[in-house]
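Participant: quick check, what structure comes out for this input:
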Amino acid sequence: MRYQVVTHNPEWKQRYASEADQIIRTLHGMAMTLHHIGSTAIPGISAKPIIDILMEVDELDALDARRAAMERLEYEAKGEFGILGRRYFHKNDASGIRTHQVHAFQAGSTGATRHLAFRDYMIAHPVAARAYSSLKESLALQHPDDFEAYMDGKDAFIKEHEARAVAWNRERHRHDCIETERTRLRLFEDADAEHAFTWLSDPEVMRFIPSGPDATLDDTRRRIAAYRAHQDRHGFSKQLIIHRESSQAIGDAGLYHLPDGKRIELGFRIAKSRWAQGYAVEVGRAWLAWFDTHLADEPLFADVHPDHRRSQRVLEKLGFCRSYEETVFGMSMLIYTRR
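Facilitator: Numbering: from 1, shown residues only. As a prediction, this is how the structure comes out:
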C-alpha cells in the first residue's frame, strides 16, 4: 500500500468541519458527538493527509441501523475491524486514495477516551508531538512502500504515549482547572521537586511554616508525595503556581486539612522574587471561588503566625477574620475564618 506523510496543512481543520457537517445532516436525529482526532488534529506535526473522525454515540446498534446512510456519503462500513466495541468506516476519493476515516464508539467508552486523551496530550506536550512527527517522517522514508512496516515502527511510541496520555487525562480531570489573569495552577508532579525546592528551602519563605524549610531535595519530594496522596484522598490539595507569561513555577497554593483531619485550610507560599506583586491575593481568590463551587457547605480556615503581618493582610483582603489562637504542628498560630 502506497501512503504519504506530509507537513501539517492548516486546511485539515476545515476539511474535518465540512465532513462532520455532512455526517450530522445525513444522520439527522441520531444522538452523537463528533471530534477531530489523529495527527491531522494536532497542530504543526506531519501526518498522512487522512481526516480521522471520532464519533461518540449513545447506542452502536442505532449506528448499525444507519449503515446505508453512511454508505450514501461514500463510506465503506468495516464493522469492528479489529477493535472491540468500534464501528469503522473509511472513504476514498475517485482515484482510490483514502481521505477520511470514522471511528465510532459508545460515548464515554475506553476507546473514545483513549483517542481524545492522546490528541489532547500531544497538543499539550509539544516536545512529544515533535518526536512523534519526526518518527513518522523517518519511518516514511525508510518504508515508502511498506505500510505495515510503517505502522509497526510507530507501535511502541503510540502505546507508551497513549498510556501516559490516559494517566495525564485522568489526573487533569480530577477537578476543575484553576486559572487567574496571570497564573494557572496544576497538580504537583514528581518532576516539579527541583523547582519547588527553590522556595521550599528558602528560610525567608518558610520562616513562619511550622515544619521549617526543606533541608534536602528528598524533603521536597516527600512533601510533594504527601500533596499527591492528599489529592487522591480528598480531591484537592496544594498545587503548583505557574506564571502564565514566563511558564515559570513561582510558588504553591491550595487547600489542605489541618491536623485534626476535619478542618480545611487555605494556604499559599510565593517565591521571594515574586513577593509584593499581588500573587497571593490573586491565587487565593481563585481558590475561594473553587471552594464555594465544590465545598460550599464546609467551613474554611487559615492559620498564620502572629508575626507574619504580610499573610495576615492577604487573608483580610480575602475576607478572613482573626478568630482564635492555637498550636499547629508545634507552633503557635492565629486561626482565621471567613467572614
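
Participant: what does the helix or strand hosting F105 contact?
Facilitator: According to DSSP states H and E, F105 maps onto strand 98-106. Contact with strand 98-106 is made by 19, 23, 37-38, 48-60, 63, 70, 75, 85-93, 111-112, 115, as judged by Cβ atoms under 8 Å, 6 or more residues apart in numbering. The way it works is simple: take the backbone N, C-alpha and C, and place the C-beta from them, glycine included.

Participant: so which elements touch the biggest helix by length in the chain?
Facilitator: In terms of residue count, the longest helix belonging to the chain (DSSP state H) is helix 147-172. The contact analysis (3 or more Cβ pairs under 8 Å, 6 or more residues apart in numbering; DSSP states H and E) places helix 147-172 against helix 110-124, helix 126-142.

Participant: and the last one, what does it pack against?
Facilitator: Using 3+ Cβ pairs under 8 Å, 6+ apart as the contact criterion, the elements in contact with helix 126-142 are helix 110-124, helix 147-172.

Participant: what about the closest residue to R87 other than its chain neighbours, how many residues nearby?
Facilitator: Using Cβ to Cβ, 6 or more residues apart in numbering and skipping the chain neighbours, the partner closest in space to R87 is A104 (4.0 Å). Applying other Cβ atoms under 10 Å, we find 23 residues neighbouring A104.

Participant: related to what we said a few turns ago, ok, whichever helix or strand comes after the longest helix of the chain: who's next to it in the sheet?
Facilitator: Using DSSP H and E, the next helix or strand after helix 147-172 towards the C-terminus is strand 178-179. When pairing is defined by DSSP bridges, strand 178-179 lines up against strand 183-186 (antiparallel).

Participant: quick check, pLDDT for the residue nearest to R87.
Facilitator: With respect to pLDDT, A104 scores 97.

Participant: give me the beta-bridge partners of it?
Facilitator: Here A104 shows beta-bridge partners M55, R87, assigned using DSSP bridges.

Participant: roughly how far apart are it and G111?
Facilitator: Between A104 and G111 the distance is 9 Å, computed by Cβ to Cβ, to the nearest Å.

Participant: between those two, what contacts are shared?
Facilitator: Listed as contacting both A104 and G111 by Cβ under 8 Å, 6+ apart are R86.

Participant: can you list the weak-confidence ranges in the protein?
Facilitator: 1, 171-176, 259-262 (pLDDT under 70).

Participant: where do the helices of it begin and end?
Facilitator: Using DSSP H, helices in the chain cover 11-26, 60-64, 67-72, 110-124, 126-142, 147-172, 193-200, 217-234, 279-294, 309-317.

Participant: among the ones you listed, which is nearest E181?
Facilitator: helix 279-294 (6.8 Å; Cβ to Cβ).

Participant: now the angle from that closest one to helix 309-317?
Facilitator: Helix 279-294 runs at 40 degrees relative to helix 309-317, counting by axes from the mean of the first three to the mean of the last three Cα atoms, to 10 degrees.

Participant: tell me which residues of helix 279-294 are tucked away?
Facilitator: Judged by neighbour count using 16 or more other Cβ atoms under 10 Å, the buried positions of helix 279-294 are Y279, A280, V281, E282, V283, G284, A286, W287, L288, W290, F291.

Participant: circling back to that earlier point, dump the helices and strands packed on helix 126-142 to TSV, plus mean neighbour count.
Facilitator: TSV is the format used below for the helices and strands packed on helix 126-142 (neighbours: other Cβ atoms under 10 Å):
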stretch	mean neighbour count
helix 110-124	19
helix 147-172	14
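
Participant: and S332, which of the helices and strands packed on helix 147-172 is closest to it?
Facilitator: That would be helix 110-124 among the helices and strands packed on helix 147-172, by Cβ to Cβ, at 43.9 Å.

Participant: and the closest one, what does it pack onto?
Facilitator: Checking 3+ Cβ pairs under 8 Å, 6+ apart, helix 110-124 ends up next to strand 32-37, strand 51-57, strand 98-106, helix 126-142, helix 147-172.

Participant: please repeat the previous calculation with a cut-off of 6 Å.
Facilitator: Applying 3 or more Cβ pairs under 6 Å, 6 or more residues apart in numbering; DSSP states H and E, one finds that helix 110-124 makes contact with helix 147-172.

Participant: check contacts around V304.
Facilitator: The neighbours of V304, taking Cβ atoms under 6 Å, 6 or more residues apart in numbering as the test, are S311, Q312, L334.
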